[in-house]
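A.B. asks: how would this look folded up:
(3 chains, ligands or ions: 3)
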Amino acid sequence: MEQFFKDPSLYTFLRGPMLWLAFLVFFLGIFYRIAITLREAKKEKIVYPYLSLRYTLRSLFRWLIPYGSISMRRHPWFTAITFLFHICLISVSLFLVGHVELWYESWKIRWWTLPVSLADGMTFITIFCIILLILRRLFQSDIRFLTSSSDYLILTLVALPFITGFLAHHELILDYKIMLTIHMLSGEIMLMAIPFTKLSHMFLFFFTRAHTGSEFGAVRHSRDF
Amino acid sequence: MEFKRKPITDIGIDETLKGVDEKKIKRAIDWVLNREASARLKVFVETCMRCGMCTTSCHHYLSHEKDPTYAPAGKVKQTIWDILNKKGKVTKEDIKKYARIVFSECNLCRRCVQFCPFGIDIAYLLSLVRRICCLIGAVPQYIQDQALSHMQTTNMLWFRQDEWLDTVQWLEDELKAEIKDAKIPIGRKNAEVLYLAHGLEAKYMTGLLTNMAKIMNVAKIDWTVPDTDGWDYTNKAFYACDFETMGKIVRTHYEVAFRLNVKKIVMGECGHAYRTGIYEGVRYLGWKESPIPYIHGVQFFYELLKEGRIKIAKKIEEIVTIQDPCNIVRYRGMGKMLRYIVSKLCENIVEMTPKDDHNYCCSAGGGMIDAGPVWKSARMEGGKIKAEQIKNTGAKIVIAACHTCHKGIEDLNEYYKLGVHVKFLTDLIAELMEIPEEMKP
Amino acid sequence: MTSWDWDTKEKVISNLKEWKEKFNSSEEILVSPDFEKIVAIVKVQEGKTFCINGETWNNTFERICFPQITPLGSVICLALRNYEWTLAKDDTVMEETFDYAWNLKTDKESKSIAFNIKKGDSYGVCLDGKIWDTLFFDARDLILSDDGKHAASYVRVENPPLLDIFSFKKGVWTIAADGNPWDKNFISIYGACFSPDNKKIAASVRLSQQEFTVAIDGKTWDEIFLNAWEPIFLDNDNVAVPVKREKGWTLAINGKVSWPYFTQLWHQRVSPDGRIAAVVATEFGKWTVALDGNPWKETFSHCVLPPFFSADGKKIGAVIRNRNTWSVAINGKPWDRGFDRIWSPQLSPDGNYCIAKAEKEGTYFLVLNGKIVKETFDMLWEPKFSPDGDKILFGCIKNGKYIRKVLSLSEVLK
Ligand code: HEM
Ligand code: SF4
Ligand code: SF4
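C.D. replies: Ligands and ions are numbered 1, 2, ... in the order given. Okay, the predicted model is just below:
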């Protein structure tokens, strides 16, 4: 923040106020979306009375471990890609040295970080997986049928911070600082997009699984995986 | 990929739409999507990542040479997403297409839900479209006819009250030839069990009702059937998402049970009626679960055999396979009970793959068979994978503990020349059970 | 009731073991309201007949249906003889015969007897031996006025071919009172009832998929609702009916919404002191009774049956089912014991006591204010309080004998 007031520039803006704003939108957005969803779920009447912790956990367990469900076992390649993609994506965003440093600067908190070379590799895997996901969308008929331009847009939105981060780190194509500026901008846009686009699946996932897991397990005595 | 289908005319949809204006369509859509539906619709639409994990779960997709317009999420895209994209500005032609998809290309079997990483309830989303069609009035003629009958008579086939009573009485007389002093008590207060029948069992399939009565008599069950409306457990209104009628039917069943002061309701082998009797109808009325036990035929037979109230005298030798009706297996986990019963009745069982709660729907369920003869081809085509599944078992007998599965597989048998016989448990048990000497006339 | 025998403590009325030896089979046992008679349908050589306290009728039939004992103690039924149906009352048989007869009913004072009939392909009602002048394509259910002078039935006045959904959607049903149909048809009509003065009929009607209202003598209310259950007359002019609006279920009186909204609402009843009680679900899966719109605090998980009242209306009770056992709640307080089954509880005239017949694992017993009365029975019929409230009368089967018993309240309380 102070840096921006001392030296106002796009770079310090993105690193200061904009980052604040992005996190604010991200957290408040998530909070708002969850609150609305919970309220609307009450209107549905039949959601809350049947919720069961045991079957919610069973459902989450089956769908959060690789190959935990029949569906994943039927789609071995895709499951590998999507798990790699998500694991790398989340680990790099949370445990990259550069990211953790930022937190330390602002809040004086610090946590475990990824070794730089591993983080670099994971970034590459993320990008690679995104390319595979795009190819899949282009060439697999049932998915192509479902896909609209917004799906590519979302994938691009997620890909950008990784591509620019990767390029900046290796100082490729553009000047480091310019690339870093684009990286921060795209990252912030992605962060702000999460609560309001289908990236909201990141938290809604737990709600849909709780509902369906409880319905299948506690009420219907069968399996949702 | 385009939506390509042979033209089919169903006057329930096409004729009705002639008299409908776009305002009415918009009103129905607004009502269903904004007032009746809420969190589930929004979250399910938003979280769908268009990942295609559900695609190969659906028997319609598998039976249609991988045509993505038959894939679960594909069907949601062509209906719900389309309506949302058009912001309710939907034409009659659109409704016609939607109706075709939701009434003749989805059985509401919920297999796809088991394959979606988010557990998105695709059947629920498609049933919202059925509800919209219902409010517009664009419902397949045969379903509409049955729903109209249900509205006043509570039964599916415009049966008069005396026709029911008379039928039960002559069935009782016939049964006396097999069981000494056999009884089908009508409207007997304080019996333990209230037995409800399938509408067709009172007219075209009376043998099934007689066989159930035979089992009741041999097992010495303290039972009765209703002496009023409410004897027919079917609930075809549910297929049209005509919840007003569906709720009234289910309420009537329980009110009859309360009036006769029975301990539980037992029904025969039917999937959708069980589903409405313990889930859809009950929930519409505000009950969290059935107010008194509502027992499906499979559970009833399971208990009779477990408790030794009936004994099986001989077993079937031919190869037998088991159809798992979605509404009692995927919806109620009765796969084990079903297998216990069949193992008591048959020597050679060859299972289908996949089976139990992952089994494919017979392609007749969810109202597809009730949509009538014009939609039969859709049902036959959608059931190709089921036919192959049966063929691969090499079975000569398919046991289907559900009226819809039963008729659906019989039709597949004819269409795909499978050379099997489809059997109800009721008929098999009545045929194979031991009849004590003192009960023989 | 005052003329009944309230003094004899125990009367053995019949030895049922002897019946078993005498008849091939006996079924469908009934007892008279004063418990003086026990009646069974028995098989004799010529067919079926009634056995009343050991005496059989002279008439025999191929079938006996809807057997009943009227409030005044007559035995009536619809019976089949020579493949034709007719009415039999106290061993006399009505001359007129029908292709079918069902839904036998009598009024409270058993002055009249009515039932649904089929003649040829036409349907209607026979009231006190008189068949309606107009018959219909179908007639379902029978509604008899309190004075027994009028009968109504839901009738079908059009006969479109099967699958002609467009004709059926226009409405083919209406109600006929004493054979005269209303001039409007509906796609569904139900819950009909007579006004206390027996002059009017109210019923709920369905106009289209989501349009329900009430019709009184064929005239519908202006207000339309999303759904509706059965109406009742509060008095000769006012009608109350549970209706559904977007917010939920509520009670509409003469078309005006008069109660708060609930998840469910039905079985509204008027108390002797003019209040309205109804069964409601305050939330999904939470059932209770609401009085003038205010629900009891305590709710029950499975269901609540229609409320009943003490003579002064101060006590309101209902049979409830909570966590899968049956019990009774009075003024919001449930008994602390649950049973496998419970039968129509009776409040004493002063409202202080409530007695019911209950069953647990096949044995029957009396329950007074939630306490089990020790003696058990093989069979038991619903107990009644004496008009002064000091005694309890009931019929029971013990060791194969049908016994009429009178207990004083103090004996029961012991
Ligand atoms: C714990 C949190 C998360 C869970 C449980 C989760 C789960 C899933 C699942 C089940 C899918 C569908 C299968 C697939 O297409 O791969 C998916 C897709 C996707 N997720 Fe996540 N996700 C999470 C977090 C995130 C985050 C934080 C992002 C990025 C901001 C993200 C981005 C994506 C994208 C872009 C896709 C779509 C891939 C495509 O278009 O094919 N996810 N996620
Ligand atoms: S038929 Fe079954 S699997 Fe296919 S879309 Fe419908 S509910 Fe899903
Ligand atoms: S599996 Fe679920 S998330 Fe994926 S496309 Fe199908 S419905 Fe959408």
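A.B. asks: residue contacts, the residue of the stretch 101-250 of chain C found nearest ligand 1?
C.D. replies: Closest to ligand 1 within the stretch 101-250 of chain C is C:E246: 35.4 Å, counting by CB to the nearest ligand atom. Any C-beta I mention is one placed from the backbone N, CA and C, and that applies to glycine too. Neighbour list for C:E246: B:R35, C:L226 [criterion: CB atoms under 8 Å, 6 or more residues apart in numbering or on different chains].
A.B. asks: all helices of the stretch 301-441 of chain B, in order?
C.D. replies: Ranges of helices in the stretch 301-441 of chain B, per DSSP state H, counting those that start in this stretch, are B:335-345, B:376-382, B:384-393, B:403-416, B:425-432.
A.B. asks: I am assuming C:N322 contacts C:F300, so please confirm or correct that.
C.D. replies: Yes - taking CB atoms under 8 Å as the definition, C:N322 is a contact partner of C:F300 at 4.2 Å.
A.B. asks: Tell me the residues that contact both of the two, please.
C.D. replies: Common neighbours of C:N322 and C:F300, counting by CB under 8 Å, 6+ apart, are C:P334.
A.B. asks: Kindly provide the distance from the closest residue to B:E22 other than its chain neighbours to B:I83.
C.D. replies: Spatial nearest neighbour of B:E22, chain neighbours left out: B:T91 (6.8 Å); criterion: CB to CB, 6 or more residues apart in numbering or on different chains. Separation of B:T91 from B:I83 (CB to CB, to the nearest Å) stands at 11 Å.
A.B. asks: neighbour-wise, which of the two wins?
C.D. replies: B:I83 (22 against 12; other CB atoms under 10 Å in any protein chain shown).
A.B. asks: and the more buried one, what element?
C.D. replies: helix B:82-85 (DSSP states H and E).
A.B. asks: related to what we said a few turns ago, of C:N322 and C:F300, which one has the most company?
C.D. replies: C:F300 (21 against 18).
A.B. asks: rewinding a little: could you pull up phi and psi at the residue nearest to B:E22?
C.D. replies: phi -90, psi 170 (degrees, to the nearest 10).
A.B. asks: Pretty sure it sits against B:K26.
C.D. replies: No - the pair B:T91 / B:K26 is not scored as a contact, 10.7 Å apart, by CB under 8 Å.
A.B. asks: how far away is B:Y331 from B:P291?
C.D. replies: Counting by CB to CB, the gap from B:Y331 to B:P291 is 19 Å.
A.B. asks: Compare the two (neighbour count), which wins?
C.D. replies: For B:Y331 versus B:P291, neighbours defined as other CB under 10 Å are more numerous around B:Y331 (24 against 21).
A.B. asks: Can you tell me the closest non-neighbouring residue to that one?
C.D. replies: Leaving aside its chain neighbours, B:Y331 sits nearest to A:R220 (5.0 Å; criterion: CB to CB, 6+ apart).
A.B. asks: Looks like that neighbour contacts B:R332 (just checking).
C.D. replies: Yes - between A:R220 and B:R332 there is a contact at 5.8 Å, judged by CB under 8 Å.
A.B. asks: For C:A215, give me the pLDDT.
C.D. replies: Here the pLDDT value assigned to C:A215 is 98.
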